[in-house]
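Trainee: My questions are about this predicted structure, shown below with the sequence.
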Amino acid sequence: MKRLSRLILAAAIALVPAGLAWGTALSDYLENKLVDHVFRATSYTAPATVYVGLSTAACSDSSVGTEVSGGSYARVSITTATTAFKGTHGSTSGASSGTNGTISNAAAITFPAPTANWGVVTHWFISDASTAGNLLVCAALTQNKTINNGDAAPSFAIDAMTIQIDN
């Protein structure tokens with residue numbers, strides 16, 4: 001995946017000791033949409049809902065990799081709103097006014113409890129659809145997480161998933 005300015009994504013899955021994930025890119029799809037929208041005056045409508053998913057193999061510019069399947073797995077939907085993500089000023093109220101370009105999840109993002117082994121999760125991603133759809137961002141976990149039948153539901157705690165665009 002290519003860089004758009006400098007994008008840093010970080011996420012932690014509960015039950016993963018010090019499990020932060022760092023990425024440095026947007027998908028080609030999102031890069032193209034944003035560049036065309038900002039610099040070429042083409043229309044782009046941001047998705048009203050985004051979906052967080054988990055993968056057991058590396059993603060690419062255009063693919064989520066090998067997404068977890070079965071065992072009650074489903075992407076977690078997030079309605080895009082100021083109440084879903086904190087602005088760059090660290091609050092859900094008002095427009096972003098901070099200086100670090102970082103937003104974070106304002107609520108926990110919890111997947112269903114696994115009813116079968118999901119395997120070794122190595123990556124997380126955000127897409128614009130509950131299945132298939134367009135990849136928006138993807139990042140590797142710094143520590144892989146084996147998720148098995150009967151484990152607690154994997155979850156990103158409040159503020160654990162951060163997206164930062166430095167300029």
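Mentor: Thanks, I have the structure now. Numbering: from 1, shown residues only.
Trainee: Could you pick out the longest strand of this structure?
Mentor: The longest strand of the chain (DSSP state E) is strand 135-147.
Trainee: what's the nearest residue to D151 once chain neighbours are set aside sitting at in phi/psi?
Mentor: The spatial neighbour of D151 that comes closest, neighbours along the chain excluded (C-beta to C-beta, 6 or more residues apart in numbering), is P114 at 5.6 Å. In short, each C-beta sits where N, CA and C put it, glycine included. Here is the backbone geometry of P114 (degrees, to the nearest 10): phi -70, psi 130.
Trainee: quick check, H37 in a helix?
Mentor: Yes: under DSSP: H, G, I helix; E, B strand; the rest coil, H37 falls within a helix.
Trainee: what about it, neighbour count?
Mentor: Neighbourhood size, H37 [other C-beta atoms under 10 Å]: 14.
Trainee: For it, list the residues it contacts.
Mentor: Going by C-beta atoms under 8 Å, 6 or more residues apart in numbering, H37 touches 43-44.
Trainee: Let me know the pLDDT of it.
Mentor: In this model, H37 is scored at 96, pLDDT.
Trainee: So it versus S43, what's the distance?
Mentor: To S43, H37 is 7 Å away according to C-beta to C-beta, to the nearest Å.
Trainee: Tell me where this protein has helices.
Mentor: In the chain, the helices defined using DSSP state H lie at 28-40.
Trainee: now the strands for it?
Mentor: With DSSP E, the ranges of strands along the chain come out as 6-12, 20-23, 49-55, 76-79, 85-86, 102-105, 109-110, 119-127, 135-147, 155-156, 162-166.
Trainee: how about those, which one is nearest N32?
Mentor: strand 135-147 (11.7 Å; C-beta to C-beta).
Trainee: For that closest one, what does the pLDDT average out to?
Mentor: On average, strand 135-147 scores 89.
Trainee: Same question for stretch 66-77.
Mentor: Mean pLDDT, stretch 66-77: 97.
Trainee: what distance separates that stretch from the centre of its chain?
Mentor: Distance of stretch 66-77 from the chain centroid (C-alpha atoms, centre = their mean, to the nearest Å) equals 14 Å.
Trainee: repeat for stretch 28-40
Mentor: That offset, for stretch 28-40, works out to 19 Å (C-alpha atoms, centre = their mean).
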